[in-house]
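Q: Predicted model and sequence follow; I will ask about them next.
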Amino acid sequence: MSWTSAVAACLAVAAALMTPPALAADPPAGAPVACIDCDDGNPCTVDGCSAEGGACVHSPRVCDDGNPCTVDACSAQAPWFGCFFTAVEDFTPCDDHDSCTGGELCYGGTCVPVDYQAEGTACVGPDPCTSGGRCDSFGPCQAEPVAEGTPCERGVRPGHRPLRPGRRPL
């Protein structure tokens with residue numbers, strides 16, 4: 001092998017080693033692109049990717065504490081970041097969803113019963129997996145849990161523990 005052909009072979013190997021690997025082609029126009037980080041920094045949105053196309057989607061955050069005696073809101077401004085709950089004006093009518101109470105009013109952000117049904121009055125328990133309720137003298141409907149395996153609003157009761165009296169199901 002001549003000196004010239006050895007140099008040419010060496011240069012060919014060096015050129016091959018210095019050539020970057022081929023890059024993957026860009027996806028065709030309109031093809032889905034996986035979104036990586038869709039956080040818009042706004043605590044009042046739920047951030048994610050759309051099912052079609054992978055574009056970022058920012059849906060409004062739902063702030064609901066389940067309390068009829070609060071106004072539920074979200075703020076992206078200081079001093080409130082995210083959901084916050086403000087008590088409504090005292091003596092605003094509300095409903096505690098207890099059939100043994102009536103005339104409920106908000107007081108200090110809590111729904112307080114004003115009237116009670118007579119003791120022993122039939123009632124509907126606050127939990128959909130209870131039955132045969134009776135009102136006690138000053139409190140919520142006292143109901144017995146349905147038997148395991150009985151269909152109820154939340155599905156079949158598999159070892160379900162009823163809610164404490166006076167509590168609403170989530």
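A: Received it, and whenever you're ready, just let me know what you need.
Q: Run through who's touching stretch 41-50.
A: 34-35, 38-40, 55-61, 74-76, 81-82 (C-beta atoms under 8 Å, 6 or more residues apart in numbering). Just so you know, the C-beta spots here come from the backbone N, C-alpha and C atoms, and that holds for glycine as well.
Q: All the helices of the protein, residue numbers only.
A: All helices of the chain, identified by DSSP state H, fall at 3-18.
Q: Helix or strand, whichever it is, which one in it has the lowest mean pLDDT?
A: Scoring the helices and strands of the chain by mean pLDDT, DSSP states H and E places strand 155-156 at the bottom, with a mean of 46.
Q: follow-up on the earlier one: write the ChimeraX selection for whichever of the contacts of stretch 41-50 are buried.
A: In ChimeraX, a selection of the buried entries from these looks like this (16 or more other C-beta atoms under 10 Å):
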select :38,74
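Q: Now intersect the contacts of stretch 41-50 with the strands, please.
A: The strands, defined by DSSP state E, take in 56-60, 74-75, 82 from the contacts of stretch 41-50.
Q: mind checking pLDDT for residue 152?
A: For residue 152, the pLDDT comes out at 74.
Q: That one reaches residue 143, doesn't it?
A: No: with contact defined as C-beta atoms under 8 Å, residue 152 does not count as touching residue 143 (11.7 Å).
Q: Neighbour count for these two, which is higher?
A: Per other C-beta atoms under 10 Å, whichever of residue 152 and residue 143 has more neighbours is residue 143, with 21 against 16.
Q: ok, now how distant is that one from residue 125?
A: 3 Å (C-beta to C-beta, to the nearest Å).
Q: shouldn't residue 124 be in contact with residue 99?
A: Yes: between residue 124 and residue 99 there is a contact under C-beta under 8 Å: 4.9 Å.
Q: my guess is residue 89 contacts residue 106, does it?
A: Yes: between residue 89 and residue 106 there is a contact at 7.4 Å, judged by C-beta under 8 Å.
Q: The ones in strands among the contacts of stretch 41-50 into CSV, with extra columns for pLDDT and distance to residue 46?
A: Formatted as CSV, these follow (pLDDT from 0 to 100; distance: C-beta to C-beta, whole Å):
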residue, pLDDT, distance to residue 46
56, 87, 11
57, 88, 9
58, 89, 7
59, 89, 5
60, 91, 8
74, 92, 11
75, 90, 15
82, 89, 11
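Q: between those, which is nearest residue 113?
A: residue 74 (30.2 Å; C-beta to C-beta).
Q: for the closest one, what are its contacts?
A: By C-beta under 8 Å, 6+ apart, the contact set of residue 74 is 43-44, 60-61, 63, 82-84.
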